[in-house]
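Chemist: Provided below for reference: sequence and predicted model.
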Amino acid sequence: MKYPVLSINLRKIRENARQLLKMCKESGISVSLVSKVLAGDRKTIGDIAGLGFSQLADSRIENLIAFSDINLPKVLLRLPMPSEAEAVVRHADISLNSEIEVIKLLDKEAAKQNKTHGIILIFDLGDLREGIFFRDDYLEEVSEILKLKNIRLLGIGTNLTCYGGIIPTYENLSELIKIKNRIEREFSIKFEIISGGNSSSLHLLPNIPPGINNLRIGEALFLGRETAYGKILPGLHQDCFELAAELIEVKTKPSYPIGIMGMDSFGRVPEIKDRGLMKRGILAIGKQDAALEDLTPLDENVLILGGSSDHLLVQLNGDFRPGDTLRFAVNYPGLLRIMTSKYVKKEYLE
């Protein structure tokens, strides 16, 4: 076995997927499979794509290309860059949008490619990331979109918690329903998709505002928790992923550095407590692969001290030696970084 390695438990991910799909279906909610945390991992996504998801969604075109043979409509989650309009139309069936000029570029590209490109118009309900601000007038923009021959306005959506930490509530998601009703009434249309956010909206089920019929789910699927309050979802696994790294040094040393302290390798002045002599270990993994605060040792005899780009330093209690492997749980940002690192091997378990 080569280290460091991330173990991916496909069985547990499948079980999470089935449970989430069941939970959402009972509330009339379709689920877009959000794959971005897996950085284009074809094996994991291919294993669960056929379980009943309505779309496959990612923030990067490169990942959608990697999934081109998976038989689900592809959704680009991040607002399209004007410079990638051609690729968006070519590789994504649907994109989330908020800028009329970019939508017009997509329309031109779709005409060139003899396609109709679907869009979901995003509204900012107060989290202050992407979207048309919900208190601004939007009818003129909708009117322009509806005139475009190669754009199909499939629906509207929102995103919450990702920047401002604003929690989805019955009240703020009801604002999205008000927008839906006003647009449908004004233009005599009927939307297919009303997307009420991400894993942070799951805490509202089954009491989500009527009319919300889609959620975009990633973190809850892979880590088994909703993201408004961080609560564990019943029946879901939280340990689908586990990181293992190898000890390359084990020595007893002082806990506090000796000499004049300046900046560390990341330009910060370290804050280190003097705990006397301790058994210290070094693992062959570092900040290039994962932020250390995103790792939790699974052995209570291991405490993370810090690290550098290629080294993770730990305090050890007990009998450890070079060549031993230590295992860690990872959170969402930790998983994102580890999956992106080409230096961390991936191991698939059934």
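Modeler: Everything's here; your move. If you're wondering where the values come from, they're calculated on a predicted model, not measured in any experiment.
Chemist: and stretch 8-17, which residues are buried?
Modeler: Applying a neighbour-count criterion of 16 or more other C-beta atoms under 10 Å, the buried positions in stretch 8-17 are 8-9, 12-17. From N, CA and C alone the C-beta is placed, and that goes for glycine too.
Chemist: Turn these into JSON lines, columns for secondary structure.
Modeler: Shown next, in JSON lines, are the buried residues of stretch 8-17 (DSSP: H, G, I helix; E, B strand; the rest coil):
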{"residue": "Ile8", "secondary structure": "strand"}
{"residue": "Asn9", "secondary structure": "strand"}
{"residue": "Lys12", "secondary structure": "helix"}
{"residue": "Ile13", "secondary structure": "helix"}
{"residue": "Arg14", "secondary structure": "helix"}
{"residue": "Glu15", "secondary structure": "helix"}
{"residue": "Asn16", "secondary structure": "helix"}
{"residue": "Ala17", "secondary structure": "helix"}
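Chemist: Adding pLDDT and distance to Lys279, write those residues out as TSV.
Modeler: Compiled in TSV, the buried residues of stretch 8-17 are given as follows (pLDDT from 0 to 100; distance: C-beta to C-beta, whole Å):
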residue	pLDDT	distance to Lys279
Ile8	98	31
Asn9	98	31
Lys12	98	34
Ile13	98	36
Arg14	98	40
Glu15	98	39
Asn16	98	37
Ala17	98	42
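Chemist: for this structure, which spans come out with low pLDDT?
Modeler: Of all residues in the chain, none has pLDDT under 70.
Chemist: Find the residue at the geometric middle of it.
Modeler: The residue lying closest to the centre of the chain (C-alpha atoms, centre = their mean) is Val37, at 4.6 Å.
Chemist: Can you give me the distance of it to Val314?
Modeler: Distance from Val37 to Val314, counting by C-beta to C-beta, to the nearest Å: 25 Å.
Chemist: one step back: spell out which helix or strand contains the closest residue to the residue nearest to the centre of the chain other than its chain neighbours, please.
Modeler: Distance criterion C-beta to C-beta, 6 or more residues apart in numbering; nearest residue to Val37, sequence neighbours excluded, is Leu336 at 5.0 Å. According to DSSP states H and E, Leu336 maps onto helix 332-340.
Chemist: angle of the strand ranked longest in the chain against helix 332-340?
Modeler: The longest strand of the chain (DSSP state E) is strand 241-254. With axes from the mean of the first three to the mean of the last three C-alpha atoms, to 10 degrees as the basis, strand 241-254 and helix 332-340 are set at 100 degrees to each other.
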